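1. With the input below, show me the fold.
(2 chains)
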Amino acid sequence: MQRRQVTLVGVADQAQVGRESTCARWRLRAELLSTLTVAQLKARYRRSLLGFLWSLIVPLFQIVVIGFVFQGLLQHEIPNYTIVFLTALVPWIYFNDATLASCPVYLRFRDVVKKIYFPRWALPLSIVSSSFVHFALSMVILFAVFAVIPVRFTPAFWWLIPLTAILTTMLAGLSLMLAVLHTFYQDVEYALTAIIRMFFFITPVMYPTAEIPEQYRYWFLFNPMAAICEGFRSVLPHYELPEPEHLLSAALFSVVCLLVGIAVYRRMGPQLPEVL
Amino acid sequence: MSETAPIVEIEDLWKCYRRHHDRPARFKDAFLARVLGHMHQVETAWAVREFTMRAAPGEVVGVVGPNGCGKTTVLAIVAGVLEPTRGAVRVRGRVCPMLQAGAGFHRDLTGLENIYLSGAILGMRRRDIDDKLDDIVSWAEADRWVDTPVRTFSSGMLMRLGFSVAAHMEPDVLIVDEILATGDEGFRARVRGRLRREADDGRIVLFVSHYMEEVRALCDRVVWMHDGRIVRQGATREVVAEYLATTGAPVEPDIGSGGS
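-> Here you go, the predicted structure:
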């Protein structure tokens, strides 16, 4: 019954001329993503004196507090606590920042989304990529700390690359999903805050997995973030990579996240200008 | 510029918004609605009905009508932002919608950084922006403040900069939806001149305004909409005169024109 047809000849993606090759169109998208990323990064620290340093001061402060509670108050001795904590905290903060910041992204750019046809997925993904830049800088600092401690460079360090890839894939999917869903239902962000807080405790961030009673430890590491954080720790002496099935399930989970994210975006994305 | 001339053809366009009477904004509401049956009625509101229009290269087409008559919806469909419920829309060429003052700008970034940001969203290559940067800045007369964060800009300055970015991306179809309201008369005259020139270069300009003086000065043709339908379309002079007659405004627009 209903005739529905829009022919936007030549209004391929960004109102670009249709004769342009797919390659040129992807280059344009990549440029959009990088411009958005740079804009997010600049805006984030433009009005603060210490800039990027804040993203180090906050976790360090956290380490001092939690370290004091564990070591000082609870008299629970974990060797090299600071470095053990910090190594897992870096990927955790990446996860935390990227997911939470993705939620309000369409609301913030609502004027643009309502008026201009452009690849809207670039908005949540630019959140992930700007969080990734922070993550990368934090890793540089972490490596500097390793050099001072000193932690010897071992083949285990190579594992950081696939682990980061797994985490980033997961975040790309989650951020697409969360950004779209939050636009429809604005309690996504509240729920997410609560869930993340809970996960912070059941993920071995402020304690190593060795602290978990042995009978639970195996199942505990099926939490993808647990596998990732513990994986990051495997660069430290006396720490080991989680079992292959843990890493595989984390990888599988991240791919599922990405696919679900794309599906949600495909299905609900076109309605964004109407609900905003 | 494309070898093929830009085209905007709209044939029997219908657009319905499903106005969930109170669209559940939270899970709780959505859940309650599910459980308690149809608590929120889904009302279908036709924003645009039987809309047929065609614009040829070189034309400035004005769209007039009272608030809420569907002008913006039609233009959002032309821009590809909204999907039509029914009907055929054929657009050939790069469409560039001009945004309201400051929309798409990041408050804490400088004017310069914002030029790159909104240029990228509009689909401009970075090196094209590099090439046109001086023109964009000087057209907006923003040389003096382009290095400061846009949150310190006045709304007129924001509008000038926003318009300048959009105007320099060489679009085939320009959509100007009531963005000039905050501009002074000098700037509005400059914009009219610019839009006229764009049209004379073979582009299409779709122009929404409540200032009938402006519409008369600029548009070749006018589409008068009311309640989602086209009341009349045709030569500017007659359609505007008829429209004004129905609004009860003496001769000039109801809000008062910026010039006088």
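2. okay, CA-based contacts and neighbour counts for the rest of this
-> OK.
3. Let me know the secondary structure of B:Glu11.
-> With DSSP: H, G, I helix; E, B strand; the rest coil as the basis, B:Glu11 sits in strand.
4. Dig out what it forms beta bridges with.
-> B:Ala88 (DSSP bridges).
5. Let's see the pLDDT reported for it.
-> Looking at B:Glu11, its pLDDT reads 87.
6. where's it relative to B:Val81, distance?
-> 18 Å (Cα to Cα, to the nearest Å).
7. When the two are compared, which one has more neighbours?
-> The neighbour comparison of B:Glu11 against B:Val81 (other Cα atoms under 10 Å in any protein chain shown) goes to B:Val81, with 21 against 17.
8. Am I right that that one is in a strand?
-> No - assigned with three-state DSSP, B:Val81 falls outside any strand and is coil.
9. Give me the distance between it and chain A.
-> Distance, B:Val81 to chain A, using Cα to the nearest Cα, to the nearest Å: 5 Å.
10. secondary structure class for the closest residue to that residue other than its chain neighbours?
-> Ranked by Cα to Cα, 6 or more residues apart in numbering or on different chains and with sequence neighbours excluded, the top spatial neighbour of B:Val81 is A:Tyr117, at 5.0 Å. Here A:Tyr117 is coil, with the state taken from three-state DSSP.
11. Now for residue 82: which residues touch it?
-> Defaulting to chain A. By Cα atoms under 8 Å, 6 or more residues apart in numbering or on different chains, A:Thr82 lies in contact with A:Ile63, A:Gly67.
12. should've been chain B
-> A:Pro270, A:Gln271, A:Pro273, A:Glu274, B:Thr73, B:Ala76.
13. among those residues, which two are most distant?
-> A:Pro270 and B:Thr73 (14.7 Å; Cα to Cα).
14. neighbour-wise, which of the two wins?
-> Between A:Pro270 and B:Thr73, counted using other Cα under 10 Å, the more crowded position is B:Thr73 (22 against 14).
15. My guess is the more buried one contacts B:Phe51. True?
-> No - using Cα atoms under 8 Å, B:Thr73 is not in contact with B:Phe51, being 11.2 Å away.
16. How about the secondary structure of B:Val8?
-> Judged by three-state DSSP, the three-state class of B:Val8 is strand.
17. Any chance of the contacts of B:Leu82 in JSON lines with distance to A:Leu236 as columns?
-> As requested, the contacts of B:Leu82 are exported to JSON lines (distance: Cα to Cα, whole Å):
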{"residue": "A:Pro270", "distance to A:Leu236": "46"}
{"residue": "A:Gln271", "distance to A:Leu236": "48"}
{"residue": "A:Pro273", "distance to A:Leu236": "48"}
{"residue": "A:Glu274", "distance to A:Leu236": "50"}
{"residue": "B:Thr73", "distance to A:Leu236": "59"}
{"residue": "B:Ala76", "distance to A:Leu236": "55"}
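18. Using TSV, please lay out the residues you listed together with secondary structure.
-> Conversion of the contacts of B:Leu82 to TSV gives the following (three-state DSSP):
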residue	secondary structure
A:Pro270	helix
A:Gln271	helix
A:Pro273	helix
A:Glu274	helix
B:Thr73	helix
B:Ala76	helix
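19. Let me know the closest of these to B:Thr44.
-> Nearest to B:Thr44 out of the contacts of B:Leu82 is A:Glu274 (Cα to Cα; 13.3 Å).
20. who's in contact with the closest one?
-> Counting by Cα under 8 Å, 6+ apart, A:Glu274 makes contact with A:Lys114, B:Tyr17, B:Leu82.
21. at 10 Å instead, please
-> The contact partners of A:Glu274, taken as Cα atoms under 10 Å, 6 or more residues apart in numbering or on different chains, are A:Val113, A:Lys114, B:Tyr17, B:Arg18, B:Arg19, B:Val81, B:Leu82, B:Glu83.
22. so B:Asp143 makes contact with B:Val137?
-> Yes - with contact defined as Cα atoms under 10 Å, B:Asp143 reaches B:Val137; the gap is 5.9 Å.
23. Overlap of the contact sets of those two?
-> Taking Cα under 10 Å, 6+ apart as the criterion, B:Asp143 and B:Val137 both touch B:Gly111, B:Leu112.
24. Tell me which of the two has more neighbours.
-> Each of B:Asp143 and B:Val137 has its neighbours counted (other Cα under 10 Å); B:Val137 has more, 21 against 14.
25. Name the SS class of the closest residue in space to A:Val38 that isn't next to it in sequence, please.
-> The spatial neighbour of A:Val38 that comes closest, neighbours along the chain excluded (Cα to Cα, 6+ apart), is A:Ser130 at 7.3 Å. Under three-state DSSP, A:Ser130 falls in the helix class.
26. A:Ser130 and chain B: what is the separation?
-> 15 Å.
27. which stretches of chain A aren't confidently modelled?
-> Along chain A, segments meeting pLDDT under 70 span A:1-20, A:47, A:49, A:74.
28. got the residue ranges for the strands in it?
-> Applying DSSP state E to chain A gives strands spanning A:4-9.
29. Please give me every residue in contact with the closest residue to A:Ala88 other than its chain neighbours.
-> Using Cα to Cα, 6+ apart and skipping residues adjacent in sequence, the residue nearest A:Ala88 is A:Cys229, 4.8 Å away. Counting by Cα under 10 Å, 6+ apart, A:Cys229 makes contact with A:85, A:87-92, A:163, A:167, A:203-205, A:208-209, A:221, A:241-242.
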